[in-house]
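Student: need a 3D model of the sequence below.
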Amino acid sequence: MERSFSASRDDTAFAPRGTRQPPIKNNGCSPLKKSSSSSSANGNGGGRVVDLCIDSDSDAGAPAAAAAAWGLDVDDDDEVMELTPPSYSQRSDASEASSAGSKRSARSAYGGEESQCSLTARYDGLALASQQSVGSQYGDQYDGPAFPSQQSFGSQHSDYGGAAFAAVSRSSSSNSACAGTGSSSKGGGGGGSKGGGGDGASSQRGGGSSGKPSGGGGGSGGGGDDGEPAPKRKRARLTPEEREARERAKAQEKADKAAARAAAKAESAAAKAREKEGKARAKLERAVATGRHVAQEVACVLDAGWLDAMAEPDRAALTEAAARQGDDKEAFKVLQARGAVRGAIWWTRRGLLDGGAAAEGDGVSIMQELRVVAVDPAEFADALAVPGAPPDTYPGVGALVDAVAARLCGGGAGGGAARVLLLLQGVARELHRRVAARHRAAQRAGAAAAAAAAACPGEDALQDCLAWLMVARGVEARVTRTPAETGQYLWDLTRALAHGPYRAALTDLHCVSRAKVTVAGGALCGADNAGGGATAADVWLRQLMQVPGVSEPKARNIVRAYPSARRLVHAFTDPAQPQPAALLAHVMSERRELVLSERVYRFFTTRDPDMVVM
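Tutor: Presented below is the predicted three-dimensional model:
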C-alpha cells in the first residue's frame, strides 16, 4: 500500500529567486494560507513547520525519517507535526480517474490552518503551500520551487526529475522518466516505462541509474537485485554454404518469376496477334467475296514457245500491255507456260487466301470460258490462199481451225476450250507483203504472172474469211497489227473474265434503272450515263462501222486519229488539204485504202440525202 504525505515550508525556502509563483491549481479549493508561525518573506524568523501525512501504523520516527529523506535538516527549533492521513472517501474519486498513477489528496497545515485540496491532474507529487503549480492533467511541464537538490517534478506527460519522496509513492506516472536519489523500504524513486533512478530494489518497476540490472530495474523490462535479466536473443549466424544456398534460392526464385512474367507477356502478345490476324483475315474474306481482289487472283498465261519466237522488244511490249493499261489501277499477272498448242493463251484463277494467281499448282483452276490461239501470220496466209470448190468457202482455214480445236479439246494446259478465238497478229501485213511481191513478179514475168498475182488473197479476202468463220464455224477472230495492240486486247479479255463471276445478271429492269432521260429543247433525249451507258467514243465508233467496208479495227484506227465526228469533218473540209478524199488512205490500215477512204469522205461530206454509199 502506498503512503501519501504532504509537507509545507515557508515560501522563501522553496521559491526560486527572482520569480513570481503562480497559485496552486487545486480543482476549485482555496489556496493554502500562510500561518503566523511561518517565516517572513525575507527569510528572517523562527523555525519552520513541516507537516507530514503518513500511515497510522508507522512508527514514531517516521516523520523525522521522511524529513531526512527530503533532505531537510531538522533542528531543535523545527517542529515536526504528524497529521492524520486523508480518509478513504476523500481518495476514492482520485484513484478511479487514472490507471497510471493515483490521484493523491494532500492535506497541509500552514500557520495553524488546514485546507483539503484534491488534485485533478495525474500527479504523484506534492501539494505545496508556496503558491506553486504542480502540473496540469495533459502534460503541462512543471518546474516547481527549487528543492535542495535543485530537482523538479511534473505531470503524467512531462519529464520529471524531482527527488524521490518518502514512503512508497511513485514520483512519476507510467509515461514519464525519473532520475532521482530517493530511497524507500520497498522501492526506489524510479518509474515509468523508460526506466528511472534509485537505490532501492523493485519487484516489477524497479529503479536504476541507466536501466542496468544492478541496483534496480530499468523500465518495465528491467530487474533489480532479486530479478532475472532479460534474455538476449542473438541472430543465428549462417555458414557460408547456407548463405550461398540461400542466395542461389533467391536468384532461382527471381529468375522463375522473371520467366513467368516473360511467358505471360509473350502469351498476351501472341493472343493479341492472333486476334488481329483473325480480324484481318475476316476482313480480307469479305473483300474477296465481293471481288475487290480479282487482280490478284486471275492470271493470263501465254505459251512460252510463242513468246520465245518473238523479238525482245515485241515480247516486252506485249507482256507490259497485257499486264496494265495506262493509269488503270488493276494490274494483272502475265505468266508463261507450255501450252497444248503453239500460241495458246489461257487464264487461271486461284483464291487470294490460297496463295493468289499462279500458272499451275495446288488450288489453281483453268477458266473454261475462253481459249485464244495466236496463229502464225504466214500459216494463216497459206491456209487462206487454198482455193475452195464452193464460192466464198475457205477449206484451208477450216482445216486449220479443226486442227487447233482438236488439240485444245484434247486436254492439257490450254485445252478443253468451250469457246475458241483466233488472234491474228500481223496477218494483214503478211497478206499485203505477198500481194506486193506477186505484183512485182507479174510485172517482170508478163501476162500469165499478172493473172496469178490477181488470184492472191488480200485484205478483202481476209474480211470475207473472218465473216465466214463466225457464221459457218462459230469461231471468232481478232486482227491486230502490233504486239502492243495484242497486249491491250488481252488485258481487256482478262479484266472481263476476272469480273465476270461477280457481275449481276442483267434484266430489263436493270437496264431501265440505268437509263436517264432529260428534256432538252422540248424533245426527249437519252442522256449519257457514266455508270454503264454508251460514251461519245463508242457512239462515234459504231457510226464509222456503218460505212460498208469499215470494220471495227479500221474504225478504231480512225477514232484514234480523229476522236470526234467534228474533227473529221473539219479535216475533210479544210481548204489547205490538197486531196481530202485520200485523207484516211493510210490511217485505217498499213496498206493504202484509197477506195475506202473516198467512201468515208462521200459519207460525211455529201449533201444529197438520197445518195447510197456503196
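Student: packing partners for the host helix or strand of Ala428?
Tutor: Per DSSP states H and E: Ala428 is located in helix 427-445. Contacts defined by 3 or more C-beta pairs under 8 Å, 6 or more residues apart in numbering; DSSP states H and E place helix 427-445 against helix 377-384, helix 447-454, helix 459-468. In this view, the C-beta of every residue, glycine as well, is placed from N, C-alpha and C.
Student: check which residues of stretch 329-346 are buried.
Tutor: For stretch 329-346, a neighbour-count test (16 or more other C-beta atoms under 10 Å) marks 330, 332-337, 339-346 as buried.
Student: between the residues you listed, which is nearest Asp574?
Tutor: Asp574 has its nearest neighbour among these in Glu330, at 40.3 Å by C-beta to C-beta.
Student: which residues does the spatially closest residue to that closest one that is not a sequence neighbour contact?
Tutor: Excluding its sequence neighbours, the residue lying closest to Glu330 (C-beta to C-beta, 6 or more residues apart in numbering) is Ala295, at 4.5 Å. Applying C-beta atoms under 8 Å, 6 or more residues apart in numbering to Ala295 gives the contacts Glu330, Ala331, Phe332, Ala498.
Student: could you pull out the helices for the stretch 251-400 of the chain?
Tutor: For the stretch 251-400 of the chain, applying DSSP state H, counting those that start in this stretch gives helices covering 304-308, 312-323, 377-384, 395-409.
Student: sorry, back to before: dump the contacts of Ala295 into CSV; add distance to Arg315 as well.
Tutor: What follows is the contacts of Ala295, written out as CSV (distance: C-beta to C-beta, whole Å):
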residue, distance to Arg315
Glu330, 22
Ala331, 18
Phe332, 17
Ala498, 23
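Student: ok, Ala383 - contacts?
Tutor: Contacts here follow C-beta under 8 Å, 6+ apart; on that basis Ala383 touches Tyr394, Gly396, Val397, Ala399, Leu400.
Student: let me know the closest of these to Asp308.
Tutor: Nearest to Asp308, judged by C-beta to C-beta, of the contacts of Ala383 is Leu400 at 21.8 Å.
Student: now do that closest one, the pLDDT please.
Tutor: Leu400 carries a pLDDT value of 90.
Student: where does the nearest residue to it once chain neighbours are set aside land on pLDDT?
Tutor: Closest residue in space to Leu400, ignoring its immediate chain neighbours: Ala383 at 4.6 Å, by C-beta to C-beta, 6+ apart. You'll see Ala383 listed with a pLDDT of 89.
Student: separation between Ala383 and Gly396?
Tutor: Counting by C-beta to C-beta, to the nearest Å, the gap from Ala383 to Gly396 is 4 Å.
Student: then Glu598?
Tutor: Applying C-beta to C-beta, the value for Glu598 to Gly396 is 32 Å.
Student: again with Leu568
Tutor: 38 Å.
Student: between these two, which one's more packed in?
Tutor: Comparing Leu568 with Gly396 by other C-beta atoms under 10 Å, the one with more neighbours is Leu568, at 22 against 19.
Student: after the helix or strand where the more buried one lies, next one along is what?
Tutor: Element membership of Leu568, judged by DSSP H and E, is helix 565-572. Heading C-terminal from helix 565-572, the first helix or strand you meet, by DSSP H and E, is helix 594-605.
Student: show me where pLDDT drops low in the stretch 151-300 of the chain?
Tutor: Under the criterion pLDDT under 70, the flagged ranges of the stretch 151-300 of the chain are 151-234.
Student: one more time with 50
Tutor: 151-225 (pLDDT under 50).
Student: the chain now?
Tutor: Along the chain, segments meeting pLDDT under 50 span 1-59, 80-225, 412, 414, 517-532.
Student: and the strands in it?
Tutor: For the chain, the strands defined by DSSP state E cover 49-53, 79-83, 105-110, 113-118, 298-303, 333-337, 344-349, 365-366, 371-374, 420-425, 476-480, 517-520, 523-526.
Student: buried set for the helix holding Ala428?
Tutor: Those would be Val427, Ala428, Glu430, Leu431, His432, Arg433, Arg434, Val435, Arg438, Ala442, for helix 427-445 by 16+ other C-beta under 10 Å.
Student: count of neighbours near the closest residue in space to the third one that isn't next to it in sequence?
Tutor: It stands for Glu430. Leaving aside its sequence neighbours, Glu430 sits nearest to Pro377 (C-beta to C-beta, 6+ apart; 3.9 Å). Number of residues near Pro377 (other C-beta under 10 Å) recorded here: 17.
Student: cool, Trp347 as well?
Tutor: 24.
Student: for it, which non-adjacent residue is closest in space?
Tutor: Met367 (4.5 Å).
Student: can I see the domain layout of the protein?
Tutor: As assigned by automatic domain parsing, the chain contains the domains 1-176, 238-289, 294-502, 508-605.
Student: angle of the helix holding Ala428 against helix 377-384?
Tutor: If you take axes from the mean of the first three to the mean of the last three C-alpha atoms, to 10 degrees, helix 427-445 sits at 70 degrees to helix 377-384.
Student: now do helix 427-445 against helix 459-468, angle only.
Tutor: Going by the same axes, to 10 degrees, helix 427-445 makes 140 degrees with helix 459-468.
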